[in-house]
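Trainee: A structural model of the following input is requested.
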Amino acid sequence: FILREFFRTQEQYLGYIDRFVKLHGDQYTQEEINSWYRIVVKVFSEVMERFTEANHRYANKIMKAQQATIDELSTPIISLKDNTALLPLIGDIDTTRGMSLLENTLQKCAEKNVTRLFIDLSGVHSIDSGSAHQLSQLIESLHLIGIQTTLSGLRPEIAMTAVKLQLPFDKVTIKSTLAQAISTIK
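Mentor: This is a model prediction of the structure:
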């Protein structure tokens, strides 16, 4: 819409030149008249180029902010009671989301002084091998900072991926449902 308005305004200026030439054209050479047209086109081209670049930068800034919000919302650490928290995961976990999951979860758990974290995977439909490895790294990292981890809601496909990759889940408690996991809170 804005570019269309730039073009419309450019046409108005070119129209003014046309009218001026009709009234006073005999006083100027064709070269001078052509230079006026070129100046108007050049100036509007520069303005439209700068506008497009600024608009592109702004759109990228907004997109990055939205992606940061999505990343933040995709790893919600929900405090339950007495330094216990829940990380419910929903949707597919690809390698990019797995990286974000690893970083954000560790940071949020440290901020909230979590000592026990329930990770519920019942809403996860699929997980690639890289993400399964990152999940294993997350559990290992949580263990290193003193956080007990309980996994719940493992789907058969995810369990098979973990077994195929020989991921060590010896530092985690596994429960079939979130309700079973939460029932262990004392």
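Trainee: please make it C-alpha for all contacts and neighbour counts, starting now.
Mentor: Fine.
Trainee: tell me if L167 really is in a helix.
Mentor: No: read with DSSP: H, G, I helix; E, B strand; the rest coil, L167 is coil and lies in no helix.
Trainee: next, it: phi, psi?
Mentor: phi -70, psi 130 (degrees, to the nearest 10).
Trainee: what is the least confident helix or strand in this protein?
Mentor: helix 156-164 (a mean of 80; mean pLDDT, DSSP states H and E).
Trainee: for the chain, list the residue farthest from the centre, please.
Mentor: D26 (61.4 Å; Cα atoms, centre = their mean).
Trainee: list the buried residues for the least confident helix or strand of the chain?
Mentor: For helix 156-164, burial by neighbour count (16 or more other Cα atoms under 10 Å) applies to 158, 161-162.
Trainee: stretch 7-21 now?
Mentor: Result for stretch 7-21 [16+ other Cα under 10 Å]: buried residues 7, 10, 13-14, 17.
Trainee: re the thing from before, what packs against the helix or strand following the least confident helix or strand of the chain?
Mentor: For helix 156-164, the following helix or strand on the C-terminal side (DSSP states H and E) is strand 172-175. The elements that strand 172-175 packs onto, with contact taken as 3 or more Cα pairs under 8 Å, 6 or more residues apart in numbering; DSSP states H and E, are strand 148-152.
Trainee: buried residues, the strand it packs on. List them.
Mentor: So for strand 148-152, counting by 16+ other Cα under 10 Å, buried means 148-152.
Trainee: ok, stretch 111-119 next?
Mentor: So stretch 111-119, judged by 16+ other Cα under 10 Å, has buried residues 114-119.
Trainee: in TSV, list these along with secondary structure.
Mentor: Shown next, in TSV, are those (three-state DSSP):
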residue	secondary structure
V114	coil
T115	coil
R116	strand
L117	strand
F118	strand
I119	strand
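Trainee: so which of those is the closest to V40?
Mentor: I119 (62.6 Å; Cα to Cα).
Trainee: so the most centrally placed residue in the chain: helix, strand or coil?
Mentor: Nearest to the mean C-alpha position of the chain, by Cα atoms, centre = their mean, lies Q67 at 2.2 Å. What three-state DSSP gives for Q67 is helix.
Trainee: and if you look at L80?
Mentor: strand.
Trainee: which ones are touching the residue nearest to it when sequence neighbours are not counted?
Mentor: Distance criterion Cα to Cα, 6 or more residues apart in numbering; nearest residue to L80, sequence neighbours excluded, is L86 at 6.9 Å. By Cα atoms under 8 Å, 6 or more residues apart in numbering, the contact list for L86 reads 77-80, 117-120.
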